[in-house]
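S.K.: the following comprises the amino acid sequence and a computationally predicted model.
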Amino acid sequence: MLQLRLLAILALTVSCAPQEQPPAARSAQFPNFPKTLFSSFETDCSGPGEDYVKTDQGSFECRKLLPPQASAFLILNYDGSPQDLPQIVTRLSSTQNNQGYRVDADMFFLVPQKDGSTVKIPVESEALNRDLSELYVGFGGTPLL
């Protein structure tokens, strides 16, 4: 009976203890190529207004059209072209190294300009970096600072 009480107290202590969060990072190290991560990335980028693009060896992008208000904001604030709508781009790339594979994520807006060029606006967010770290850990990676 005493053992059951101790076990219950230990379980309560562990469940109430703060859980350690991985460091917020956009890069992670994987022992092997994270095929499931990249397959999930491709599957997640298959909806309307989304394009999955292989840009280089080991580099893939998901390009998504934005809601009308976000598009209007970017067009007006970055002198964009209303004929070619802005997109948000999430890029995942992998590089093989001595420890396995390093995966890097990047997120940015592409705002086409009236002159035909494109402005790239990086998305910086500590919350996004934390979410990426948790994602990496869920797929077996170790976030890199």
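M.R.: All right, it came through fine.
S.K.: does L144 touch R102 like I think?
M.R.: Yes: when contacts are counted by CB atoms under 8 Å, L144 is listed as touching R102 (7.2 Å). Every C-beta, even on glycine, is put in place using the N, C-alpha and C of the backbone.
S.K.: now do the strands in the protein.
M.R.: For the chain, the strands defined by DSSP state E occupy 27-30, 50-56, 59-65, 87-97, 100-112, 118-122, 142-144.
S.K.: looking at those strands, which is closest to D131?
M.R.: In terms of CB to CB, the element of the strands of the chain nearest to D131 is strand 100-112, at 9.9 Å.
S.K.: contacts for that closest one?
M.R.: Contact with strand 100-112 is made by 26-34, 37, 63, 66, 74-75, 78, 80-81, 84-95, 118-123, 128, 132, 136, 141, 144, as judged by CB atoms under 8 Å, 6 or more residues apart in numbering.
S.K.: cutoff 6 Å now
M.R.: Strand 100-112 is contacted by residues 26-33, 74, 78, 80-81, 84, 86-95, 118-123, 132 when judged by CB atoms under 6 Å, 6 or more residues apart in numbering.
S.K.: circling back: between L144 and R102, what contacts are shared?
M.R.: Jointly contacting L144 and R102 under the rule CB under 6 Å, 6+ apart are Q29.
S.K.: compare the strands of the chain and give me the one nearest F41.
M.R.: Evaluated with CB to CB, the strands of the chain place strand 87-97 nearest to F41, the distance being 5.5 Å.
S.K.: give the buried residues for the closest one.
M.R.: Buried residues in strand 87-97, defined by neighbour count with 16 or more other CB atoms under 10 Å: 87-94.
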